[in-house]
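Visitor: sequence and computational prediction follow.
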Amino acid sequence: MPSIHRIILYRLLAAWVAISLMIGVVVSWAGLRKIDRQLVTLATMELKRFGAVNLALLTQPETARRALDQLAAQVLWEHFIVGEFQDASRRSLASAVNPLHAALRTEVERQSLSFPLNLDRQFRKFSADGRNAMRVLVPLREGSGQAAAYFEGAFLVDPETVARLREDLVVTLLVALAAVTLTTLCLYPIILSLNRNVLRQSRELLAGNVELMEVVGSAVATRDSNTNLHGYRVALYAVRLGEAAGIGATQMRDLIAGAFLHDVGKIGVSDAVLLKSGPLDAIEFEQMKRHVALGVEILNKSKWLLRARDVVEFHHERYDGSGYPKGLVGAEIPLLARIFAVVDVFDALISKRPYKDALAFDEAMVGIRGGAGRLFDPRLVACFEGIAAGLYLETCDRSGAELEARLQQQIGKYFGLTV
Ligand SMILES: [Fe+2]
Ligand SMILES: [Fe+2]
């Protein structure tokens, strides 16, 4: 499972990339619009040159020609590529081309502006030979506000101006990205610390639940045999057999809970039956069998303990269908109960009970092997044969405290309490 640091880092990184992309798009879009607006401002400033044109001079082509030539010589060719005076119907009165940019004329003429007459100033940005240019059209108005003539021209935008505007755009973009990066870096420790608090609290809650499970299990074990050893050992064996059988972490948690609580229903079995030293008669056995249903009843009171249900309800089922309470056959028996049945019987065989002696390891394994396909799932018996000797050596002479310590390690591992 990836650590919480990695999860937070991945998510923050994803958020950083997404926000940076978004900001990049928005800033670039706004920056390009700003460049456009500034170019229009430049165009507007250029057009102010025509405020002083004497409209009376533009009524005839000859006088318009003279006015244009005069204007061109004075100011026009500073930036303009072409310039043209048009009458009120936008028919050309006089036009001139800047000799320095004559090569651009064809390109510029393609960009001629067409629009309903008497509108306000018009602008269109275009590229002329790789350079930024602006087509402009300005109505020259009489005192009444009517357009008496038009000036249409195209001018080149100063490359330094464009470079400066682009530089501004890049700086804005970098500042925005730096702000996002800084915010993300500041958020990491804050989120981590908040998460640690939540994790600590949920771990305490989980530890409390695990303790509850252990306490209930040991209360039953103490009544049954005065010791928790059986509970510790079957839980340890179950974990190992579960690992050998390849079950997942969630199933493993259910299996551990089931191992602790498998006989929780024995709380409701009378001492006369539970503690009887000899074999049970048929009536007593029926009373003993009730511990399964009683166990399920107890689990039903706690959503958390209910995870142990498969083991509690079906740990006395047999692979051939001769078990109880339902007489399930083969794979009808939940896997966790089939796993647990093997280790529960194995530990019973190697343990001393009031009515029997403990079997040696080899004798116990004969019993387990003999039960394959009859009592137990043969596949699980095969798995168990591979690990049983090691397990036996690890646990046979261990004290309750040592077994408990080993079990706590497994609980920590599978319940996430050691992180
Ligand atoms: Fe049982
Ligand atoms: Fe048991």
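Guide: That came through fine. Ligands and ions are numbered 1, 2, ... in the order given.
Visitor: relative to the whole chain's centre, how far out is the strand or helix carrying residue 293?
Guide: In this assignment (DSSP states H and E), residue 293 forms part of helix 282-299. Relative to its parent chain, helix 282-299 has a centroid offset of 46 Å by Cα atoms, centre = their mean, to the nearest Å.
Visitor: what's that helix in contact with?
Guide: Applying Cβ atoms under 8 Å, 6 or more residues apart in numbering, the contact partners of helix 282-299 are 216, 261-270, 272-274, 276, 280, 305-306, 308-309, 312-313, 315-316, 324-325. In short, each C-beta sits where N, CA and C put it, glycine included.
Visitor: do the same with stretch 14-22
Guide: Under the criterion Cβ under 8 Å, 6+ apart, residues 177, 180, 181, 184 lie in contact with stretch 14-22.
Visitor: what helix or strand is the third one on?
Guide: Taking DSSP H and E as the definition, one finds residue 181 inside helix 159-225.
Visitor: kindly export the following helix or strand past that helix (C-alpha atoms) in PDB.
Guide: Downstream of helix 159-225, the next assigned helix or strand under DSSP H and E is helix 229-245. The C-alpha trace of helix 229-245 is given here as PDB (Å, rounded to 0.1, in the frame of the first residue of the first chain):
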ATOM      1  CA  LEU A 229      -3.000 -20.400  24.000                       C
ATOM      2  CA  HIS A 230      -5.400 -22.100  21.500                       C
ATOM      3  CA  GLY A 231      -6.700 -18.800  20.400                       C
ATOM      4  CA  TYR A 232      -3.200 -17.400  19.800                       C
ATOM      5  CA  ARG A 233      -2.000 -20.500  18.000                       C
ATOM      6  CA  VAL A 234      -5.000 -20.900  15.700                       C
ATOM      7  CA  ALA A 235      -4.900 -17.300  14.800                       C
ATOM      8  CA  LEU A 236      -1.100 -17.600  13.900                       C
ATOM      9  CA  TYR A 237      -1.700 -20.800  12.000                       C
ATOM     10  CA  ALA A 238      -4.600 -19.300  10.100                       C
ATOM     11  CA  VAL A 239      -2.600 -16.300   9.000                       C
ATOM     12  CA  ARG A 240       0.200 -18.500   7.600                       C
ATOM     13  CA  LEU A 241      -2.300 -20.900   5.900                       C
ATOM     14  CA  GLY A 242      -4.200 -17.900   4.600                       C
ATOM     15  CA  GLU A 243      -0.900 -16.500   3.200                       C
ATOM     16  CA  ALA A 244       0.000 -19.900   1.700                       C
ATOM     17  CA  ALA A 245      -3.500 -20.100   0.100                       C
END
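Visitor: which secondary structure elements does helix 229-245 sit against?
Guide: helix 159-225, helix 249-261, helix 335-350, helix 378-395, helix 400-415 (3 or more Cβ pairs under 8 Å, 6 or more residues apart in numbering; DSSP states H and E).
Visitor: show me what the second one is packed against.
Guide: Using 3+ Cβ pairs under 8 Å, 6+ apart as the contact criterion, the secondary-structure elements in contact with helix 249-261 are helix 159-225, helix 229-245, helix 309-314, helix 335-350, helix 400-415.
Visitor: could those helices go into CSV alongside mean pLDDT?
Guide: Converted to CSV, those look like this (pLDDT from 0 to 100):
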stretch, mean pLDDT
helix 159-225, 85
helix 229-245, 94
helix 309-314, 97
helix 335-350, 96
helix 400-415, 88
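Visitor: which stretch among these comes nearest residue 121?
Guide: Evaluated with Cβ to Cβ, the helices and strands packed on helix 249-261 place helix 159-225 nearest to residue 121, the distance being 19.4 Å.
Visitor: so the closest one versus helix 282-299, what angle?
Guide: Helix 159-225 runs at 150 degrees relative to helix 282-299, counting by axes from the mean of the first three to the mean of the last three Cα atoms, to 10 degrees.
Visitor: angle of helix 159-225 against helix 249-261?
Guide: Put simply, helix 159-225 runs at 20 degrees to helix 249-261, going by the same axes, to 10 degrees.
Visitor: which strands and helices sit next to helix 159-225?
Guide: Using 3+ Cβ pairs under 8 Å, 6+ apart, the elements in contact with helix 159-225 are helix 4-47, strand 131-141, helix 229-245, helix 249-261, helix 400-415.
Visitor: domains of this protein?
Guide: 4-164, 227-415 (automatic domain parsing).
Visitor: so residue 139 bridges to which residues?
Guide: residue 150 (DSSP bridges).
Visitor: just checking, it touches residue 121?
Guide: Yes. The pair residue 139 / residue 121 is scored as a contact, 7.4 Å apart, by Cβ atoms under 8 Å.
Visitor: between these two, which one's more packed in?
Guide: Just comparing residue 139 and residue 121: by other Cβ atoms under 10 Å the higher neighbour count belongs to residue 139, 21 against 13.
Visitor: about what we covered before: so which of the contacts of stretch 14-22 wins on neighbours?
Guide: So for the contacts of stretch 14-22 (other Cβ under 10 Å), the most neighbours sit at residue 180, 19 neighbours.
Visitor: which residues touch that residue?
Guide: Residue 180 touches 16, 19, 20, 23, counting by Cβ under 8 Å, 6+ apart.
Visitor: give me that answer again for 6 Å
Guide: 19, 20 (Cβ atoms under 6 Å, 6 or more residues apart in numbering).
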